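Q: Any chance you can model this:
(3 chains)
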Amino acid sequence: MKTNSGNFFEDYRLGQVIEHAVPRTVSGGERALYHALYPARHALHSSDAFAQSCGLAQSPLDDLITFHIVFGKTVPDISLNAVANLGYAEGRFLQPVYAGDSLTSKSQVIGLKENSNGKSGVVYVRTQGSNQNGDVVLDYVRWVMVRKNNLDAAAPETVIPYLAKVIAPDDLAIPQGLTFANYPTTLAGEPHLWGDYEIGEVIDHVDGVTIEEAEHMMATRLWQNTAKVHFDATFRDDGQRLIYGGHVISMARALSFNGLANAQMIAGINAGAHANPCFSGTTIRAWSEVLDKAETASPDIGALRLRLVATSAAGTAGQLRDEAGKYLPHVLLDLDYWTLMPR
Amino acid sequence: MKTNSGNFFEDYRLGQVIEHAVPRTVSGGERALYHALYPARHALHSSDAFAQSCGLAQSPLDDLITFHIVFGKTVPDISLNAVANLGYAEGRFLQPVYAGDSLTSKSQVIGLKENSNGKSGVVYVRTQGSNQNGDVVLDYVRWVMVRKNNLDAAAPETVIPYLAKVIAPDDLAIPQGLTFANYPTTLAGEPHLWGDYEIGEVIDHVDGVTIEEAEHMMATRLWQNTAKVHFDATFRDDGQRLIYGGHVISMARALSFNGLANAQMIAGINAGAHANPCFSGTTIRAWSEVLDKAETASPDIGALRLRLVATSAAGTAGQLRDEAGKYLPHVLLDLDYWTLMPR
Amino acid sequence: MKTNSGNFFEDYRLGQVIEHAVPRTVSGGERALYHALYPARHALHSSDAFAQSCGLAQSPLDDLITFHIVFGKTVPDISLNAVANLGYAEGRFLQPVYAGDSLTSKSQVIGLKENSNGKSGVVYVRTQGSNQNGDVVLDYVRWVMVRKNNLDAAAPETVIPYLAKVIAPDDLAIPQGLTFANYPTTLAGEPHLWGDYEIGEVIDHVDGVTIEEAEHMMATRLWQNTAKVHFDATFRDDGQRLIYGGHVISMARALSFNGLANAQMIAGINAGAHANPCFSGTTIRAWSEVLDKAETASPDIGALRLRLVATSAAGTAGQLRDEAGKYLPHVLLDLDYWTLMPR
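A: Alright, predicted model coming up:
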């Protein structure tokens, strides 16, 4: 058979390196589409002139474009037969991506654990996206539950990798040349800088966006993500197309501009959970909680650790889990990430 | 509170200058999206080779892209608490915008008038969009009715600015280098030049486009317009998303190609009214009326003043108002503008 | 009347040359939109670095972008009053199109045959798309049935052009510089090269995509195709918008990546039929049949002749016609084309 049926749990080997297919050159087209699909307004990612006033040669693409492209390439090899996307850790954005860059993606299997039912197992991969110069632009770990095809295949030795719960602030990469010393606050859209945020503070981002099928499919296709469940209305019994979790991440991050306009760059992803599925017709809202603050090596750049929550219900900022610790039904996403902002 | 709740009527001061946030660099991506979202076919905005034959270095972006981007930036500061968008005047396109340009937008309050009910007032602003060289690319006035938040705030002195009903032809800017001396009429798509149009002539543009939610939201987001009513289906009691008036302008202008293919550039906006709201599912049609003609300083460029009407009903070209002078229910837009075309 | 009512059968003359309007410059924007609208993944059209490893200066746009743009320009002159699009032949892609190229399109009438009912006739045109250097990038023949407006107009002499059933492999153009000598198979996504395919082999491409109105309209507009039936829900009695046949071609070709990832370029179109109409809500699937194989002048490039079938029913790979030779109701497209792939 010439079509790709994807890998099953028994196909993975500890230490195995998978070079993912279909490299991609990005341009102003990807940027414009990102701005059409999400209400993205962070000025550093919108204007060359603004980016130049922050020491960069031009405006880098939104960091989540990098994430989606690098992630999308892994789907045919890692998650075509996945039952669930279980988590993310140690995500570090190591270098901005600019129009004209060509990205490739590769993963290494760093952990394996067969489930006790013998029908599936958890695969841990560390994925790296690189540009045309061979520089790594993004490095992250995710783990997924994958079905076994051959139920008789022997279970591999269980190896669960050590993963940092939170990236140490010193390990966050500051893009070369980036400075907020002459930061044009008015053009950025809000006056609140790093010093104005307090740990524990919750910000309701107020705005909502109702999602359409055409939009989430266009976004997901743009990242060359091939998971059938996002595109084929006959795939699920209920006739619904499941929205790619990354679409919800980008929507929530864009909505968070209203209250976090100066959280210009994403430097790290500590953890993430797609708490409940999202379907077309949902009106997505977002709120953030300040989890931590840290100085960086640069005197004018601070790091803010945020919990970004996407929700399908208005007026629920701050409400995450029920008494049993389970995500509330209206919570779509719980993302723990580091941003860089002017100090 | 860190989120933007917008300005209320009592927040504005006569003479106040507001520098709008989120500058934007445009590329071929915005151009391609414009052509995907609207049936735009004016050759000057479609082909570098065509534009070069008209004396320009390359094809400028559609003039309405400039309008939408400059306008979109004003929304968080001017119309977030607007009850109604009342009018436009003295809109002049002063310089074409090209892929690679970075645009900013700023407004000055030039008039204020509290309503007699004491609950709202009219704010007049002159908005200027500029490129990375500081050249003004667009200058226009609009006035909006804005709610008061503090009903006890004292009314400002009433100042209603003098606004020209029509831009004098001599005040229209002819882009530097533009010439229609060797105009490739066949490539442009129609034989009718400036001399072929008569004042009073009505043109039914014949074609219709049925509007989808995904399309108007993508367009409106692309201009970084943040008005909730366009995106959030829970915002209005009827569950409908109001379509950004500028989406209707662009759709009607694009449809007007059929009959006005040589009206290549928009040079001025004299007046405009969004006569009735527009929602998804509407099939938009358009007709034009020639309001005036004028020569320009260039012997091969003529100015044509047009009324562009968008309508939701077929076969109603020329029907604008009822006997009482009220817009007919199927009229969506009444725009009075100047175009430049070969003489 | 200033609007274009299109040509009728009696307006065409044998040998007549029609220069089509609205030239177009393409950019990374068209490429990004193509990837957002279709699950296109052929690496040569995705990455500059990949294309450079195949001897090209940069990544060319997907060949079907060229087809759609050249075709779209012909619609106002050729098929505005068409009753049916009857066929394609002798389509040859003569040169890749790159971001920055400006395309024009012209057609010559090479055949005419009035129908016996005297109400319509068949028009054969050879269409050529050219770039800004005057190089022909695509040359193809199509024939359409066009209505007569003046039923009293005399029938023209019947001329039916000789058209090759299949383009001879020697007549396929190999882009200058193209080499698959150092082909990066892993990055391309599949191991199967030219030698691995057998004549008669049928490949079920497995994936399905459910189509939305917004998507097919955006695609069709992007190619500046003006046929009313694709955009105006009031045009047909059933209130449905007919999907542009080219949208189905691009969707099927993109789906065929899964099983034909190395069929990098389209070199020729031998024949094509839009077997049944397609509407929004359809889940499109695709299968291919290997019709022929040929060597080319290049030792590392093989030509594969494929039948590409788009279908609205899952699990029907290989099922094309009923016993009477009629296309089965779920067959949307039957396209016979040549691709170039590594040998």
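Q: any idea how far A:His330 lies from chain C?
A: Here A:His330 is placed at a distance of 26 Å from chain C (CB to the nearest CB, to the nearest Å). For the C-beta atoms, the positions are set from N, CA and C on the backbone; glycine is no exception.
Q: Surely that residue touches A:Asn276?
A: Yes - counting by CB atoms under 8 Å, A:Asn276 is a contact partner of A:His330 at 7.5 Å.
Q: Check which helices and strands the helix or strand bottoming out on mean pLDDT in chain A is in contact with.
A: Lowest by mean pLDDT, DSSP states H and E among the helices and strands of chain A is strand A:82-93, with a mean of 93. For strand A:82-93, the elements it packs on are helix A:63-74, strand A:120-130, strand A:136-147, strand A:265-273, judged by 3 or more CB pairs under 8 Å, 6 or more residues apart in numbering or on different chains; DSSP states H and E.
Q: For it, C-alpha coordinates in PDB please.
A: These are the backbone C-alpha positions of strand A:82-93, laid out as PDB (Å, rounded to 0.1, in the frame of the first residue of the first chain):
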ATOM      1  CA  ALA A  82      -3.000   9.000  18.400                       C
ATOM      2  CA  VAL A  83      -5.900   8.500  20.800                       C
ATOM      3  CA  ALA A  84      -5.000  11.600  22.800                       C
ATOM      4  CA  ASN A  85      -2.500  14.400  22.900                       C
ATOM      5  CA  LEU A  86      -1.500  14.300  26.500                       C
ATOM      6  CA  GLY A  87       0.900  17.100  27.200                       C
ATOM      7  CA  TYR A  88       3.700  19.500  26.300                       C
ATOM      8  CA  ALA A  89       6.800  20.400  28.200                       C
ATOM      9  CA  GLU A  90      10.200  22.200  27.800                       C
ATOM     10  CA  GLY A  91       9.100  24.200  24.800                       C
ATOM     11  CA  ARG A  92      11.700  26.800  24.000                       C
ATOM     12  CA  PHE A  93      11.600  29.300  21.200                       C
END
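Q: Of all the helices and strands packed on strand A:82-93, which one is nearest chain B?
A: helix A:63-74 (12.1 Å; CB to the nearest CB).
Q: related to what we said a few turns ago, buried residues of the least confident helix or strand of chain A, list them for me.
A: Neighbour-count burial for strand A:82-93 flags A:82-83, A:85, A:87-93 (criterion: 16 or more other CB atoms under 10 Å in any protein chain shown).
Q: Just name the most buried of the helices and strands packed on strand A:82-93.
A: Across those, averaging neighbours per residue (mean count of other CB atoms under 10 Å in any protein chain shown) puts helix A:63-74 on top, at a mean of 25.
Q: distance of the closest residue to A:Tyr124 other than its chain neighbours from chain C?
A: Nearest residue to A:Tyr124, sequence neighbours excluded (CB to CB, 6 or more residues apart in numbering or on different chains): A:Gly111, at 3.2 Å. A:Gly111 sits 23 Å away from chain C, going by CB to the nearest CB.
Q: Same question for A:Tyr88.
A: Distance, A:Tyr88 to chain C, by CB to the nearest CB: 24 Å.
Q: Then A:Asp135?
A: Distance of A:Asp135 to chain C, given as CB to the nearest CB: 13 Å.
Q: With A:Ala49 instead?
A: 20 Å.
Q: That residue is in contact with B:Ser102, isn't it?
A: Yes - the pair A:Ala49 / B:Ser102 is scored as a contact, 4.2 Å apart, by CB under 8 Å.
Q: what sits in contact with each of the two?
A: Both A:Ala49 and B:Ser102 are in contact with B:23, B:25, B:132, where contact means CB atoms under 8 Å, 6 or more residues apart in numbering or on different chains.
Q: can you tell me which residues contact the second one?
A: For B:Thr25, the set of contacting residues under the criterion of CB under 8 Å, 6+ apart consists of A:46-49, A:58-59, B:100-103.
Q: Looking at these, which are in helices?
A: Using DSSP state H, the subset of the contacts of B:Thr25 located in helices is A:48-49.
Q: Any residues of the stretch 201-343 of chain A in contact with chain B? List them.
A: Contact residues (CB under 8 Å from any CB of the partner chain) of the stretch 201-343 of chain A with chain B: A:203-210, A:212-215, A:258-261, A:283, A:314.
Q: If any of those are buried, put those into a ChimeraX selection.
A: Applying 16+ other CB under 10 Å to these, the buried members can be selected in ChimeraX as follows:
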select /A:203,204,205,206,207,208,209,210,212,213,214,215,258,259,260,261,283
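Q: Tell me who's in contact with the closest residue to chain B within the stretch 151-300 of chain A.
A: Residue nearest to chain B within the stretch 151-300 of chain A: A:Gly189 (3.3 Å; CB to the nearest CB). For A:Gly189, the contact set (CB under 8 Å, 6+ apart) comprises A:41, A:43, A:257, A:261, B:4, B:21-22, B:76.
Q: And the strands in chain A, which stretches?
A: In chain A, the strands defined using DSSP state E lie at A:17-19, A:24-25, A:82-93, A:102-114, A:120-130, A:136-147, A:202-204, A:209-210, A:265-273, A:283-295, A:301-311, A:331-342.
Q: looking at those strands, which is closest to B:Leu291?
A: For B:Leu291, the closest of the strands of chain A is strand A:209-210, at 39.0 Å, according to CB to CB.
Q: quick check: mean pLDDT across that closest one?
A: For strand A:209-210, mean pLDDT is 98.
Q: Show residues contacting it.
A: Taking CB under 8 Å, 6+ apart as the rule, strand A:209-210 contacts A:39, A:251, A:255, A:281-284, B:213, B:217, B:231-234, B:241.
Q: and these near chain C, which?
A: Among the contacts of strand A:209-210, the residues lying close to chain C (CB under 8 Å from any CB) are B:Glu213.
Q: among the contacts of strand A:209-210, which are in helices?
A: Going by DSSP H, the helices hold A:251, A:255, B:213, B:217 from the contacts of strand A:209-210.
Q: Endpoints of stretch A:161-176, how far apart?
A: One end of stretch A:161-176 to the other measures 31 Å (CA to CA, to the nearest Å).
Q: repeat for stretch A:3-19
A: 18 Å.
Q: in that stretch, what's buried?
A: Those would be A:3-4, A:6-12, A:14, A:18, for stretch A:3-19 by 16+ other CB under 10 Å.
Q: Name the weakest-confidence residue in those, if you would.
A: A:Asn4 (87).
Q: Now do the contacts for that residue.
A: A:Asn4 neighbours (CB under 8 Å, 6+ apart): A:76, A:80, C:189-190, C:258.
Q: Repeat that for A:Ala297.
A: By CB under 8 Å, 6+ apart, the residues touching A:Ala297 are A:170, A:174.
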